[in-house]
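Engineer: prediction below, plus the sequence it came from.
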Amino acid sequence: MSQISTARPRRGGLFATAWLALCLAPYLVCFSEVGFLSEDFTALVYAHDLERAASDLSGAQYGLAQPRFYRPWVSLSLGLEARLFGFSPLLLKLSHLLALAVGCLSLRALARRLGLGAGAACFAGLLAAWFPFGAGSVLWVVGRVDAHLFGFGLAFLALHARAEGWGEGLPRPRRLRARLGALVCCALAMLTKETAFALPLILGVLELARPRGGDDRRGLAMRLWPALPALLLAAALFAWRAHCLGTWIGGYAGGAGVLDGGASWGRRTLDLLAALGDLALAGPLAWGRGELSRAPLLVAAAAGIALLLGVLGAVLVGVRKEGHRARVAVASGAWVLLACAPLVQLWSDPAFATNARAYWLAWCGVALGFSATLAQLSRMRACLGGLVCLGVALSGLIVNVRDHVDASRAVEALRAELIDGAPARGGRPALIENAPKNVGSAYAFTFGLREALQPPFSPIACEIAAYRPLFPAASPLPPLPRALAARFAPQSATSSPAPLAPLAERVGWTQLVGDPPAISGEEGHAWFARWLEVQGAERAVQLAALPTLELPGFGPRVRLAFLSSLGSASAEIALPAEPRPALHVLELFVQAPILSSGEGALYVPLEVVDKGGDRCWIFAESLDEQGAPNGPVSDLLELRFTPSFGPLLQPSRK
């Protein structure tokens, strides 16, 4: 008898290990093939300074003006791991695997405490792990924002269920430890990503759905009472987050008006259903079309409706003797909607494929709801339905993993090409047109292009400007002027550099009034600057009059091009005939410089540019009345950034 009792736990342990390995398998296959992508380079440079990473506890993530997120755990964990493991993408992603394993085990334990069988609980954990867009969270270093949320969030729910004795009781000391652990995990989840503020509400829904004794006649308020500590914790952290960000909502630009402007709520609901449909259709669409593209709105919305009906399907199947499973399915539908609510800015996101990883917490509700629904079917039907669900999810995940491998290869190939060409640059920026922002559903070089070509990621520093639209919704850029292409195209160190095209000479400055202040410390050059008062800054200078750029030989129109490592912007401006062609710098703030003269203006939102050392350039090209190039091309301005003072403005021609 004792041999039988010891054999059962051993077999159970082997099964649990095999199940967990199956959950992690799609990620482990290519785990070492995905290196640094996109803002990994920027985030590591920022977070490696632990004092700077700790400042995210009281301010916006990475010190950005836009977007404004409060995610201090991401910066702190990344900084600590970088100090411990160095800049190794393989080692920096180990915590993602740990979070994935913890989340899967927690969801399985939660499903069991909600009254589901062992098979249904394992199915829920496996379907949650095979999230069609999970590769961006597990294989991308900065994707820890969603991987850690997955682990902390589900651990919070499972520990709370354990502390409250869902399904079985616990000794009082162990219940207290579980309750404390649940609140710690809840706090860490909220310090990881704002989606976690939905967790206490999800917990309240599960409290109403969990199995109870037949003599439990407590009212609604008493049933929700155990969720109160988590709700109070969320309220306190949300208030602190608002204090640190200076806004209640934050997020991407325009987030403050997300609830009262733009599309109607009917359209937003359709967008949400389309987003849920995209999650379900990701795999079949990607395999059928050869590339991942967002489904047509109505088709995806129909799939989203079907997905929600599937989650709620336990009610239609029939409750019979096991009504608690129907309640779990309904609660899972509410879980999905609550987890989607903080993502309202992304419901109609044109870059859905690369940002869909944000729906992982909502996908966990889908997984729990489907397992509760399938548990009420016959064994044969449940197995067939489960295999279909897992097949659809896995097909999308395989495509997502493949995209991240391809993106990593593209990033390394471009870095090698540019680093090889850097010795021939002669200190000039390399202007490139082929820097991919994404590869399918994976980010490639949306951000981080400059840092990827600076130490410690590159043996030499190479200044880069990417000739591509600065924002996804921006208009296409005009063809790159051949004079600039010849001057700034990257050249191999072993090849002969292209001859430089003649650029306009005698581009000068005129001061309207007063003399510009001389600011030392930059190789003795005189810098024109209008400084914003910054608390704690060493000094602040106010410019009496903003300068005017004289453009002899230009006109009657000019095309201005703003170039940076993030991307470029372009605008055509009419030049006045009298007294002479000139451009006026109307504003120069941290947010935006505006250059204008006559009709039109170039407005560049510099809040998206790294303030810790990035450089930007503004060029001008002479045009005729029809907008065709007719004369000189000139590099006009160079903007540099310092951590303390904001932008410095200087004529790039000495």
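Structural biologist: Thanks, I have it. Numbers count the residues shown, from 1 in each chain.
Engineer: tell me the mean pLDDT for the helix or strand harbouring Ser95?
Structural biologist: Element membership for Ser95 (DSSP states H and E) is helix 94-113. Helix 94-113 carries an average pLDDT of 95.
Engineer: quick one: buried residues of that helix?
Structural biologist: Going by neighbour count (16 or more other CB atoms under 10 Å), the buried part of helix 94-113 is 95-97, 99-113. No exception for glycine: its C-beta is placed from N, CA and C like everyone else's.
Engineer: mind listing the strands for the chain?
Structural biologist: Assignment of strands within the chain using DSSP state E yields the ranges 430-432, 438-439, 442-443, 464-466, 508-510, 548-550, 557-563, 568-574, 582-588, 593-596, 601-603, 615-623, 629-642, 646-651.
Engineer: strand partners (parallel or antiparallel) of the third one?
Structural biologist: By that I understand strand 442-443. Sheet pairing of strand 442-443 (DSSP bridges) gives strand 438-439 (antiparallel).
Engineer: so what touches the partner strand?
Structural biologist: Residues outside strand 438-439 that contact it (CB atoms under 8 Å, 6 or more residues apart in numbering): 351, 353-354, 403, 406-407, 410, 444, 446.
Engineer: can you redo those as a markdown table with distance to Ala129, neighbour count and pLDDT?
Structural biologist: Listed next are the contacts of strand 438-439 as a markdown table, based on distance: CB to CB, whole Å; neighbours: other CB atoms under 10 Å; pLDDT from 0 to 100:
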| residue | distance to Ala129 | neighbour count | pLDDT |
| --- | --- | --- | --- |
| Ala351 | 24 | 16 | 64 |
| Ala353 | 20 | 24 | 73 |
| Thr354 | 21 | 23 | 80 |
| Asp403 | 18 | 27 | 91 |
| Asp406 | 22 | 17 | 93 |
| Ala407 | 22 | 28 | 93 |
| Ala410 | 27 | 19 | 91 |
| Ala444 | 25 | 24 | 90 |
| Thr446 | 26 | 18 | 82 |
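Engineer: what's the closest of those to Val633?
Structural biologist: Thr446 (28.2 Å; CB to CB).
Engineer: isn't Ala163 up against Cys185?
Structural biologist: No. Using CB atoms under 8 Å, Ala163 is not in contact with Cys185; the gap is 11.5 Å.
Engineer: those two: who's more crowded?
Structural biologist: Cys185 (24 against 20; other CB atoms under 10 Å).
Engineer: from Leu191, how far off is that one?
Structural biologist: Distance, Cys185 to Leu191, using CB to CB, to the nearest Å: 11 Å.
Engineer: one more: Pro455?
Structural biologist: In terms of CB to CB, Pro455 sits 31 Å off from Leu191.
Engineer: have a look at those two and say which one is more surrounded.
Structural biologist: Leu191 (23 against 10).
Engineer: can I assume the more buried one is in contact with Ser75?
Structural biologist: No. Leu191 is beyond contact range of Ser75, at 10.1 Å (criterion: CB under 8 Å).
Engineer: what's the spacing between Leu183 and Leu199?
Structural biologist: From Leu183 to Leu199 the distance is 11 Å (CB to CB).
Engineer: which stretches of the stretch 201-350 of the chain have low pLDDT?
Structural biologist: Scanning the stretch 201-350 of the chain for pLDDT under 70 picks out the ranges 212-218, 252-325, 348-350.
Engineer: returning to that earlier point: overlap in contacts of Cys185 and Leu191?
Structural biologist: What both Cys185 and Leu191 touch, as defined by CB under 8 Å, 6+ apart, is an empty set.
Engineer: thought Ala182 was touching Phe156, still the case?
Structural biologist: Yes. Counting by CB under 8 Å, Ala182 is a contact partner of Phe156 at 5.2 Å.
Engineer: now the helices for the stretch 301-450 of the chain?
Structural biologist: Taking DSSP state H, counting those that start in this stretch to define them, one finds helices in the stretch 301-450 of the chain at 313-317, 323-340, 352-355, 360-374, 379-421, 449-452.
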